[in-house]
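Asks: got a predicted structure here, sequence first:
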Amino acid sequence: MSGRQIIPGARQLAFQDWEYGLFIHFGLRTFYEGYVDFDERPMSPSAFNPVELDCGQWIRTAKQAGMNYAVFTAKHHDGFSNWPSAYTEMSVAHTPWKDGKGDVVGEFVAACRKYGVKPGLYYSPYDASAESFLHDGKAYDDYFVNQITELLTKYGEIDILWFDGCGSEDHEYDWPRIIGEIRRLQPNILIFNMGDPDFRWVGNEDGVAPYPCWNTVDAVDFSIQTERKEQLGESLRLPAECDVQMRANWFYSDHDEHTVKSIDELIGLYYYSVGRGANLLLNIGPDRRGLLPDKDAERILEFGEVIRQRFASPIATLADCEREGRCWTFRPERTILLDHAVIQEELAHGESIRSFRISVMTQKSQRLIPVYEGKSVGHKAICRFAPIRAREVVMEVLESDGEPHVRELSFHYVGEKL
């Protein structure tokens, strides 16, 4: 059996169906304009006071925009804990916000449950506030496990634990111990990219998956700080996730609103991520009020509407097609104008399709003309081509590891309707 046919777990399949999520960078450094990763400027929890904080606004907006999950920075590299951790004074418990009685993580998770969005927590293994014992392996691993235990026992089921490798390039963690505790506390949690991953970082922060983008890999990219890959020792099925910023900065800034991505750029990123079988995690940094900035919120709502307009009403689906061998053919009652095909594999059987072709029978000469050839399909392949009027359209699997299994196939025209 080929490595591409490694059978995924049920949670991995569910993760890929979520497709599109909101990344939320928010914390103490939100209140320090221009603060960057590994900044040497000291920060004080006394600056943290988001008096209008409304996690409901974050998640309600995400849901309306078509996002199915959200990942929140419980703790970033600076070490500020967005929950009242018992193991550090760099936390919300030592801020003026709600007189030190607030819990942003708790409000975030509650909002996710209210609006039916899967909650994920970002946790930076590197912690600048713990420098005093960062190089004492056992002491630091104790701190790591203690904080993770708080996050995984206080808030019910968490769907994702998102580990960021930045800052940890030269540090050795006791991963067997750490992962053992995580799996014991929350057996169903999905771990991102480190330790014992269930899904992987795509390898860039541009929101772009490579092509072809296979679900099975034998190494993962470690962090944005290094080209080094972490060898897995064997081929594993690890779906890819593409994270990308809405603006020039991950956290809120007063000076980068002009960099909010246009709809055209966001649609392009959607094709380069979801359209290549990966998930898209789009970041917005809530502002100092504790709200998603107005322009960013409006933009993701507009983006979600464009996605719905393009793909919610297909011309035809798999149920309208006839299968003959490795060809799926749609024969409409009259000619149609189309410019997209969307293919999904039934990944419960493993990833098998290695190349495919979309062809159309032309209107007058009635010849089959190839309009698109591709390689990986995986969870989803969005195939875009110039508009063409067709008497029929054929999707043919050219090469596969064993029998190809198609979960969904649809044809669309997203250009101006004739």
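Replies: Here it is on my side, so go on. Residues are numbered from 1 along each chain as shown.

Asks: all helices of this structure, in order?
Replies: Ranges of helices in the chain, per DSSP state H, are 10-18, 55-64, 104-115, 131-134, 137-153, 175-185, 263-272, 294-311.

Asks: of all the ones you listed, which lies closest to Leu232?
Replies: helix 175-185 (12.5 Å; C-beta to C-beta). For glycine as for every other residue, the C-beta is placed from the backbone atoms N, C-alpha and C.

Asks: and of the helices of the chain, who's closest to Ser85?
Replies: helix 137-153 (5.8 Å).

Asks: I figured Arg389 hits Thr335, correct?
Replies: Yes: under the criterion of C-beta atoms under 8 Å, Arg389 makes contact with Thr335 at 5.2 Å.

Asks: so for those two, which residues contact both of them?
Replies: Shared contacts of Arg389 and Thr335 (C-beta atoms under 8 Å, 6 or more residues apart in numbering): Gln363.

Asks: returning to that earlier point: worst average pLDDT in the helices of the chain?
Replies: Lowest mean pLDDT of these: helix 131-134, a mean of 62.

Asks: what about the stretch 201-350 of the chain, any weak spots by pLDDT?
Replies: The stretch 201-350 of the chain contains residues with pLDDT under 70 at 221-231.

Asks: what ranges do the strands span in the stretch 251-400 of the chain?
Replies: For the stretch 251-400 of the chain, the strands defined by DSSP state E, counting those that start in this stretch cover 279-284, 322-324, 327-330, 336-345, 353-362, 368-374, 381-400.

Asks: so what touches the fourth one?
Replies: Put plainly, it is strand 336-345. Here strand 336-345 has contacts from 310-311, 314-315, 351-353, 356, 358, 360, 372, 377-390, 393, 395, 404-415, 418, using C-beta under 8 Å, 6+ apart.

Asks: okay, now Ala74: neighbour count?
Replies: Neighbours of Ala74 under the rule other C-beta atoms under 10 Å: 28.

Asks: list the residues that contact it.
Replies: Counted by C-beta under 8 Å, 6+ apart, Ala74 has contacts Ser81, Asn82, Trp83, Val105, Leu121, Tyr122, Tyr123, Leu151.

Asks: quick one: mark the members of the residues you listed that sit in strands.
Replies: Per DSSP state E, strands hold the following members of the contacts of Ala74: Leu121, Tyr122, Tyr123.

Asks: the last one contacts Ile158, correct?
Replies: This points to Tyr123. No: using C-beta under 8 Å, Tyr123 and Ile158 do not qualify as a contacting pair, with a distance of 10.5 Å.

Asks: follow-up on the earlier one: Glu399 is nearest to which of the helices of the chain?
Replies: Of all the helices of the chain, helix 10-18 sits nearest to Glu399, with 22.2 Å by C-beta to C-beta.

Asks: next, the angle strand 336-345 makes with the closest one.
Replies: Interaxial angle, helix 10-18 versus strand 336-345 (axes from the mean of the first three to the mean of the last three C-alpha atoms, to 10 degrees): 160 degrees.

Asks: the residue most central in space within the chain pairs with what?
Replies: The centroid of the chain falls nearest to Leu281 when counting by C-alpha atoms, centre = their mean (3.4 Å). Beta-bridge partners for Leu281, by DSSP bridges, are Gly21, Asp243.

Asks: wait, Val406 sits on Ala319?
Replies: No: when contacts are counted by C-beta under 8 Å, Val406 is not listed as touching Ala319 (11.6 Å).
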